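[1] what would the 3D arrangement of this be:
(one chain, ligands or ions: 2)
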Amino acid sequence: MGKLKIQNLKKSFDSTNIIDNLSLTVEDGEFVSILGPSGSGKSTLFHLIGGLYSPEEGRIVLDGKEINGKRGFISYMPQAPSLFPWRTVIDNVILGQELSGKPDKEKALQLIDRAGLKGFEQSFPHELSGGMKQRVAFIRALLSPQPLICLDEPFSALDEFTRLEMQKWLLSIWEEHPRSVLFVTHNIEEALFLSDRVIVLSHRPATIRSEFKVPFSRPRDESIVLSEEFLQ
Ligand code: ADP
Ligand code: MG
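    Ligands and ions are numbered 1, 2, ... in the order given. So this is what the prediction gives:
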């Protein structure tokens, strides 16, 4: 599950071709990073995969099913994720699992704890800092039932040490809940640190400039609990 196949994708805005003839695959359980300069169309690609936009040409197939223009088939964490302001932290997390019909509250509480947010389960988003809200959105995305998670530059606003902690935290959770991941970043070190394979996009129109397997294995660091020291 979680095998994504994108074929000959095309998308323009106001007659400017942003994505052109883009084809890529993500294998079941693979962690693939997409690198590219600002404005190269990375977020647009995620909007297409998430069904928020429809492509002009091409196909997006997840586990054999065409999902062009359809929402809800992937777990998508946008560049600026938002929480439901009227729901508590735990309810925001569980919301991502409602599709499956059986939210795992125990697991959600465990991950909230491991995100350094113990004691905030019943808090509302306005009571949290920006960094705390991002962690909640992260847990929601990681626990949702879809077989593919798309993460759009989740760490780009963080300082280097916080970023490293968050990366290790993400990997430790992902290894417990292995699924396919598409991870957008403009940071080559981050892509190498996290992924099995890296795809580099060219700038306008976005098409694949290069693609390579990461020749070393990911660091393993079991059961990371984020400390409050790194909360921003
Ligand atoms: P990236 O995420 O790689 O920084 P984006 O996908 O956000 O790039 O944007 C790619 C290009 O498409 C940019 O030039 C941006 O201005 C343009 N763009 C993105 N969304 C829209 C939209 N809804 N309408 C018009 N232009 C858009
Ligand atoms: Mg973007």
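[2] what separation do you get for residue 60 and residue 3?
    Distance from residue 60 to residue 3, counting by C-beta to C-beta, to the nearest Å: 12 Å. Where C-beta positions appear, they are placed from N, C-alpha and C, glycine not excepted.
[3] ok, now residue 15?
    Taking C-beta to C-beta, one finds residue 15 at 34 Å from residue 3.
[4] biggest helix in this protein by residues?
    helix 160-176 (DSSP state H).
[5] related to what we said a few turns ago, of residue 60 and residue 3, who's got more company?
    residue 60 (24 against 17; other C-beta atoms under 10 Å).
[6] next to ligand 2, which bits of the chain? Give me the list.
    42, 43 (C-beta under 5 Å from the ion).
[7] center of the protein - which residue?
    Taking C-alpha atoms, centre = their mean, the centroid of the chain lies closest to residue 151, which sits 1.7 Å from it.
[8] can you tell me which residues contact that one?
    Under the criterion of C-beta atoms under 8 Å, 6 or more residues apart in numbering, the neighbours of residue 151 are 77, 141, 181, 182, 183, 184.
[9] one more pass at 6 Å, please.
    Residue 151 makes contact with 77, 183 under the criterion C-beta atoms under 6 Å, 6 or more residues apart in numbering.
[10] so residue 120 lies in a helix, does it not?
    No. In this structure, residue 120 is coil, not part of a helix, as judged by DSSP: H, G, I helix; E, B strand; the rest coil.
[11] what ranges do the helices span in this structure?
    Going by DSSP H, the chain shows helices at 42-49, 89-95, 105-114, 130-143, 160-176, 188-194.
[12] elements contacting the first one?
    This points to helix 42-49. If contacts are counted by 3 or more C-beta pairs under 6 Å, 6 or more residues apart in numbering; DSSP states H and E, helix 42-49 sits against strand 148-152.
[13] close to ligand 1, is the strand it packs on?
    No. Using C-beta under 6 Å from any ligand atom, strand 148-152 stays clear of ligand 1, coming no nearer than 7.2 Å.
[14] quick one: average pLDDT of that strand?
    Per-residue pLDDT values across strand 148-152 average out to 97.
[15] now do stretch 175-190
    pLDDT averaged over stretch 175-190 gives 92.
[16] can you give me the end-to-end distance of it?
    Stretch 175-190 has an end-to-end distance of 17 Å (C-alpha to C-alpha, to the nearest Å).
[17] cool, and stretch 203-216?
    28 Å.
[18] ok, for the residue of the chain found nearest ligand 2, nearest residue in space, not its chain neighbours?
    Closest to ligand 2 within the chain is residue 43: 3.2 Å, counting by C-beta to the ion. Excluding the flanking residues, the one nearest residue 43 by C-beta to C-beta, 6 or more residues apart in numbering is residue 152, at 5.7 Å.
[19] give me the number of residues near that neighbour?
    Neighbours of residue 152 using other C-beta under 10 Å come to 22.
[20] which ones are touching it?
    Here residue 152 is in contact with 43, 46, 78, 79, 184 (criterion: C-beta under 6 Å, 6+ apart).
[21] if we go to 7 Å?
    43, 46, 77, 78, 79, 184 (C-beta atoms under 7 Å, 6 or more residues apart in numbering).
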